[in-house]
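Colleague: Give me a model of this one.
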Amino acid sequence: MMTLKEYAKSRTISYESVRAQAQKYKEELEGHVTIEDNHRVMDDYACNFLDQHRLKRIIVMQSDNDDLKHELERVQEENEELKYAIIELQKELQDMAKKNADLKEDLARTDTLLMLADKEHEHMVKVQDEIRQSHDALLESQKDLIEATEELARYHRTFFGLYIREL
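Modeller: A predicted model of the protein is given here:
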């Protein structure tokens with residue numbers, strides 16, 4: 001015969017779980033659990049009965065715990081994989097941000113070069129127009145010079161130093 005407290009201590013379980021188990025199987029343990037000196041006392045049959053029912057439950061819980069341990073390990077591994085994936089994505093994001101900054105810088109340089117090229121093009125167009133105008137003026141002057149030379153060729157010097165025009 002032993003008390004519920006002694007039974008709990010010998011099985012390394014809590015007194016409260018033994019008391020709850022004894023209450024749960026109250027009908028099956030009737031006559032095997034008695035009260036002596038204000039303590040519940042149980043005989044060997046009650047101890048064996050509770051052991052058998054407790055062990056069945058522990059085995060089930062142990063199985064569930066194994067499943068839960070495997071599930072927990074799987075989730076932890078998945079968590080680690082996700083951490084590494086996040087780290088890789090952060091690295092990629094940093095690389096892309098750097099590339100984006102470089103591209104923006106290149107775009108700004110390109111815009112500046114295009115603006116300078118546009119100004120240079122406008123200047124070249126103006127210079128070409130001035131050259132064309134100078135060329136046209138030169139052609140006009142050349143025509144005038146040719147006409148003047150032809151006109152001058154019609155004049156001959158006379159005996160007295162004067163020039164006379166031929167007809």
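
Colleague: Could you point out the longest helix of the chain?
Modeller: Longest helix in the chain by number of residues (criterion: DSSP state H): helix 44-153.

Colleague: any residues touching the helix or strand of the chain with the lowest mean pLDDT, and which ones?
Modeller: Lowest by mean pLDDT, DSSP states H and E among the helices and strands of the chain is strand 163-165, with a mean of 83. Residues from elsewhere that reach strand 163-165, judged by Cβ atoms under 8 Å, 6 or more residues apart in numbering: 154-158. C-beta: built from backbone N, CA, C; applies to glycine.

Colleague: what about Asp66, neighbour count?
Modeller: By other Cβ atoms under 10 Å, the residues close to Asp66 number 10.

Colleague: Please report how far Asn79 lies from Phe160.
Modeller: 123 Å (Cβ to Cβ, to the nearest Å).

Colleague: Which one's more surrounded, the two?
Modeller: The residue with more neighbours, out of Asn79 and Phe160, is Asn79; 10 against 6, by other Cβ under 10 Å.

Colleague: And that one, how far from Glu92?
Modeller: Distance from Asn79 to Glu92, by Cβ to Cβ: 20 Å.

Colleague: In strands, which of the contacts of strand 163-165 fall?
Modeller: Counted as lying in strands by DSSP state E, out of the contacts of strand 163-165, are 155-157.

Colleague: Glu16: which of those is nearest?
Modeller: Proximity of those to Glu16 (Cβ to Cβ) peaks at Tyr155, which lies at 144.0 Å.

Colleague: Any idea what the closest one is bridged to?
Modeller: Taking DSSP bridges, one finds Arg165 as the beta-bridge partners of Tyr155.
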